[in-house]
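> Mind looking at a prediction? Sequence and model below.
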Amino acid sequence: MEIRDVLAHNLRACRQARGLSQEELAHRADIDRTYVSALERSVYAASIDVVDRLARVLDVEVSDLLRRPSPD
């Protein structure tokens, strides 16, 4: 799994677990909603600064957003 796909999967899962829409997450992280959508679809590679802002809003560690799933 590519790192963009890992971020996309974990970002969507964390956002949904907190009951946030893409729009609300984007607003809180001060980024565009379409950018959140693109990240969740693996279209863009996020800068480390954006990953940090998203992690802070989602109240998770940056490493949680970049952790590859265990190979079960």
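Happy to help now that I have it. Numbers count the residues shown, from 1 in each chain.
> Surely Ile31 touches Val50?
Yes: using Cβ atoms under 8 Å, Ile31 is in contact with Val50, at 6.4 Å. Quick note: C-beta positions are derived from backbone N, CA and C, even for glycine.
> What is the burial count for Val51?
The number of residues packed near Val51 is 18, by other Cβ atoms under 10 Å.
> element containing it?
Element membership for Val51, per DSSP states H and E: helix 48-58.
> Follow the chain on from the helix or strand where Glu24 lies and name the next helix or strand.
Applying DSSP H and E as the criterion places Glu24 in helix 22-29. Following helix 22-29 in sequence order, the next helix or strand is helix 33-40 (DSSP H and E).
> So which elements touch that following helix?
helix 3-17, helix 22-29 (3 or more Cβ pairs under 8 Å, 6 or more residues apart in numbering; DSSP states H and E).
> mind checking which of those helices is nearest Val36?
helix 22-29 (4.5 Å; Cβ to Cβ).
> Work out the gap between the closest one and the centre of the chain.
On the basis of Cα atoms, centre = their mean, to the nearest Å, helix 22-29 is displaced by 11 Å from the centre of the chain it belongs to.
> and the angle from that helix to helix 48-58?
Between helix 22-29 and helix 48-58, the angle comes out at 110 degrees (axes from the mean of the first three to the mean of the last three Cα atoms, to 10 degrees).
> Next up, the contacts around the residue nearest the centre of the chain.
Nearest residue to the geometric centre of the chain (Cα atoms, centre = their mean): Leu11, 2.9 Å. By Cβ atoms under 8 Å, 6 or more residues apart in numbering, the residues touching Leu11 are 36, 39-40, 54, 58, 65.
> which one of those residues sits closest to Arg18?
Checking the contacts of Leu11 against Arg18 by Cβ to Cβ gives Leu58 as the nearest, at 6.2 Å.
> mind listing what that closest one touches?
Leu58 makes contact with 11, 14-15, 18, 20, 25, 65, according to Cβ under 8 Å, 6+ apart.
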